[in-house]
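Engineer: Provided below for reference: sequence and predicted model.
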Amino acid sequence: MERTIKCACDKIIAIFIGDPKLRTICHCRDCRKANGGDDFQDLMFCNINQIKVVVPRDQLIEVPASEYKDECPRYFCKDCNTFIYGDVSQKDGRPMALIGPMSVLTPTLPNMKPSLHMYIQDKVMPALPNDGLPRVESLSKSPYGKELMSKL
């Protein structure tokens with residue numbers, strides 16, 4: 001299935017093909033920074049090849065990896081600054097990307113629930129919701145996170 005990735009000014013920025021591999025609720029500073037300071041970022045991990053950018057590259061702002069602790073460059077709409085996606089492959093060589101927030105995807109994925117809360121040590125919310133999801137400091141350091149990452 002193809003889905004569109006739209007920004008807040010309703011431009012179609014990219015086409016997303018297939019389904020994401022993982023949906024998470026991220027509390028890290030990088031995701032909050034990319035999303036304008038919200039308490040958390042609802043994002044999805046996918047293969048970078050599932051994202052086909054359809055606007056000219058000059059319509060996107062690339063914020064370089066050096067601006068983020070996780071060393072992943074992020075791409076934003078030039079007109080409205082909506083965070084569209086981040087290129088995780090530049091960090092560790094795996095062809096991964098993250099898409100966020102969930103609201104940029106049309107049609108949405110109502111049946112795909114988040115798998116976990118990650119980077120909970122960076123949270124700004126006084127308390128996390130009582131949603132029963134696992135809570136990890138990072139995907140790469142926790143056993144549960146490592147297991148999920150091995151499936152990506």
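Structural biologist: Perfect, I can see it now. Numbering: from 1, shown residues only.

Engineer: buried ones in stretch 76-89?
Structural biologist: By 16 or more other CB atoms under 10 Å, the buried positions in stretch 76-89 come out as F76, C77, K78, T82, F83, I84, Y85, G86, D87, V88. Placement of C-beta: from N, CA and C, glycine included.

Engineer: Show me the shaky parts of this protein.
Structural biologist: Flagging of the chain using pLDDT under 70 yields the residue ranges 92, 101-103, 145-146, 148-152.

Engineer: Would you map the strands across it?
Structural biologist: 2-6, 12-17, 22-26, 41-47, 51-53, 60-63, 74-77, 83-87, 96-99, 105-106, 117-118, 135-136 (DSSP state E).

Engineer: so which two of the buried residues of stretch 76-89 are the farthest from each other?
Structural biologist: Farthest-apart pair in those is K78 and V88; separation 22.0 Å (CB to CB).

Engineer: Now distance to M44 too, for the buried residues of stretch 76-89, in TSV please.
Structural biologist: TSV is the format used below for those (distance: CB to CB, whole Å):
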residue	distance to M44
F76	17
C77	18
K78	23
T82	15
F83	12
I84	12
Y85	9
G86	11
D87	14
V88	12
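
Engineer: about what we covered before: got JSON lines for the strands of the chain, with distance to P129 too?
Structural biologist: Below are the strands of the chain laid out as JSON lines (distance: least, CB to CB, whole Å):
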{"stretch": "strand 2-6", "distance to P129": "26"}
{"stretch": "strand 12-17", "distance to P129": "27"}
{"stretch": "strand 22-26", "distance to P129": "9"}
{"stretch": "strand 41-47", "distance to P129": "12"}
{"stretch": "strand 51-53", "distance to P129": "29"}
{"stretch": "strand 60-63", "distance to P129": "29"}
{"stretch": "strand 74-77", "distance to P129": "26"}
{"stretch": "strand 83-87", "distance to P129": "22"}
{"stretch": "strand 96-99", "distance to P129": "21"}
{"stretch": "strand 105-106", "distance to P129": "22"}
{"stretch": "strand 117-118", "distance to P129": "9"}
{"stretch": "strand 135-136", "distance to P129": "11"}
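
Engineer: Sweet, I'm off.
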